[in-house]
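Student: What shape does this take:
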Amino acid sequence: MNLPKQYRCIHSTNCSCTKGHLNEDAIFLLFQHLNWNPKLIAAFSCACKWFDDIAKRVLWKEFCKARAPKMMLDLQYSGSHIVDGNWRALGKLLIYCSGSTKGGLFNGIHIPGHFAHTTRFSRTSGKSFLLRQCRTDVLYVSDPCEHLDQGEEGDVGFFRGIFKSFATSKVRKMLIKRGAQFHTTEVCPYCKAKLWNMLQAKMIPQSASCRLDAYEDCVEYYVCLNGHMLGICSLMPLSDSEEADDAE
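Tutor: Numbering: from 1, shown residues only. This next block holds a predicted model:
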């Protein structure tokens, strides 16, 4: 996450901070009282390797369960792949719009990543991002994070999502069957795994643009080996009547 300088990791290879810590129960109770504040978890994780270990094992998991309880219950059902070690990536996906950098995934568009404080993820919306033969898969997708008036690009929306049990999904099997290639340089901003380009694999249905209120053929998204999805679209402008409704 793009943290202020004072919050960036200072324990990159080791941590001499081995004494004087609170015990794990006290840490748990403290952050429970703070409602699992994700910025504080990230900040303390970057300051102390000991705390980072607790955050990976416990705090990010509790944050995810508190932020999206029904979604987490579904993702964990029947032994889904979300286990200790992946909770931090999922927590980041819930609250962080990755944006795009020049030379990155999305045609050189430069929009900085940022915290997205309120994001709705929908399993129903996820169906619109899957080809008909893959719609028994479960995919949760966020509403687009809107970035308006981006010059020649117009109004841009970033969206993200997570597959349930991606390792056994039909989408993964189809990507492999079609010989889809991984991106040569970029990796998932949430877990650093390799990325498949769904546009290149011709696996983006027209229903995705309808769900996003985006122009046809202006939707692109990637899926990583761990089942995280991130994408971009060119949003259609609001009609006069819609703008009037929003102003009321």
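
Student: Distance-wise, check the closest residue in space to residue 181 that isn't next to it in sequence relative to residue 185.
Tutor: Excluding the flanking residues, the one nearest residue 181 by CB to CB, 6 or more residues apart in numbering is residue 200, at 7.0 Å. The way it works is simple: take the backbone N, C-alpha and C, and place the C-beta from them, glycine included. Residue 200 is 14 Å from residue 185, where distance means CB to CB, to the nearest Å.

Student: In terms of neighbours, single out the busier of the two.
Tutor: Shown here are residue 200 and residue 185; by other CB atoms under 10 Å, residue 200 has more neighbours (14 against 9).

Student: Can you tell me the SS state at the more buried one?
Tutor: coil (DSSP: H, G, I helix; E, B strand; the rest coil).

Student: Equivalent analysis for residue 167, please.
Tutor: helix.

Student: From residue 141, how far out is it?
Tutor: From residue 167 to residue 141 the distance is 19 Å (CB to CB).

Student: So the two - more neighbours on which side?
Tutor: A count of neighbours by other CB under 10 Å puts residue 141 above the other of residue 167 and residue 141, at 27 against 11.

Student: Could you double-check that that one sits in contact with residue 229?
Tutor: Yes: using CB atoms under 8 Å, residue 141 makes contact with residue 229 at a distance of 7.0 Å.

Student: so what sits against both of the two?
Tutor: When contacts are counted by CB atoms under 8 Å, 6 or more residues apart in numbering, the set common to residue 141 and residue 229 consists of 129, 160-161.
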